[in-house]
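Asker: Generate coordinates for the sequence data below:
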Amino acid sequence: MIAVSQMAAGGKTDHDLQYYVPLGSTVLCVDPYGNKFEGELVAMDEPSGMIIIKSTGANNMEDMTVLNRELLSDFTVKTPAPKNSPAAAMPERPIDDTLVRKAIARKEEAVSRLAPKDVTAAGRELFKVINKTYSNLDWRGKVIRGLDGDFEVHPPYKEENVQGNTEDAVARIRKVVKKFHMDFAKKSEAEMTS
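Answerer: Model (predicted):
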């Protein structure tokens, strides 16, 4: 048995715990309240100091216990895992930015296809902007409509063209429309000058 008892004392002997305690080892941990946890070390996160221990509880059900190893009063490795045992940690999956951009472009294209062909580009863009905050939205002819019946935005899609049954919804959508037109005008100016 290997004991690592300087953890709670602040000795930080556990700094590189993952390098000398392989995942799959059987460990015994004692928390500051004297509770004992014995089981297989299945995961550890070095930056946060968290470890996960899998043990068999009542009715042969598996229990997962998450502990902060810096708060343990005792940590003992009862049976080290073989050196060749596969790690139980989840591998991180890198995110490909180009795939994310393509997925966003496909979504935007799908939304723009929902609009009638004779709707202006500003109307289509406004629909996308409103759809980010109010997802229950569709087109009724050239009119952008909240499906809850809270509001409608009629062409030419200005603040004064927002109508509805709920004052709060109409006020919110008018603010979105106002900001959209300010941003759309800036965007159009920037495209003209470049």
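Asker: Just the buried residues of the longest helix anywhere in the chain, please?
Answerer: When the chain is scanned for its longest helix (criterion: DSSP state H), the result is helix 167-193. Residues of helix 167-193 classed as buried: 169-170, 172-174, 176-177, 180, 184 (neighbour count, 16 or more other C-beta atoms under 10 Å). From N, CA and C alone the C-beta is placed, and that goes for glycine too.
Asker: In terms of model confidence, name the weakest of those.
Answerer: pLDDT across those is lowest for Phe184, at 82.
Asker: That one is in contact with Gly123, isn't it?
Answerer: No. If you go by C-beta atoms under 8 Å, Phe184 and Gly123 don't touch, sitting 10.7 Å apart.
Asker: Output the below-cut-off pLDDT ranges for the protein.
Answerer: For the chain, the stretches flagged by pLDDT under 70 are 1-20, 83-96, 106-114, 194.
Asker: Give me the distance from the top strand by length along it to the chain's centre.
Answerer: Looking across the chain with DSSP state E, the single longest strand is strand 36-45. Distance, stretch centre to chain centre, for strand 36-45: 26 Å (C-alpha atoms, centre = their mean, to the nearest Å).
Asker: In PDB, list the C-alpha atoms belonging to that strand.
Answerer: Once non-C-alpha atoms are left out, strand 36-45 reads as follows in PDB (Å, rounded to 0.1, in the frame of the first residue of the first chain):
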ATOM      1  CA  LYS A  36     -14.000   6.600   4.000                       C
ATOM      2  CA  PHE A  37     -14.400   6.000   0.200                       C
ATOM      3  CA  GLU A  38     -12.800   3.000  -1.300                       C
ATOM      4  CA  GLY A  39     -13.000   2.000  -5.000                       C
ATOM      5  CA  GLU A  40     -11.400   2.300  -8.400                       C
ATOM      6  CA  LEU A  41      -9.900   5.700  -9.400                       C
ATOM      7  CA  VAL A  42     -11.700   6.300 -12.800                       C
ATOM      8  CA  ALA A  43     -10.900  10.000 -13.500                       C
ATOM      9  CA  MET A  44      -8.900  12.900 -12.200                       C
ATOM     10  CA  ASP A  45      -8.700  16.600 -13.200                       C
END
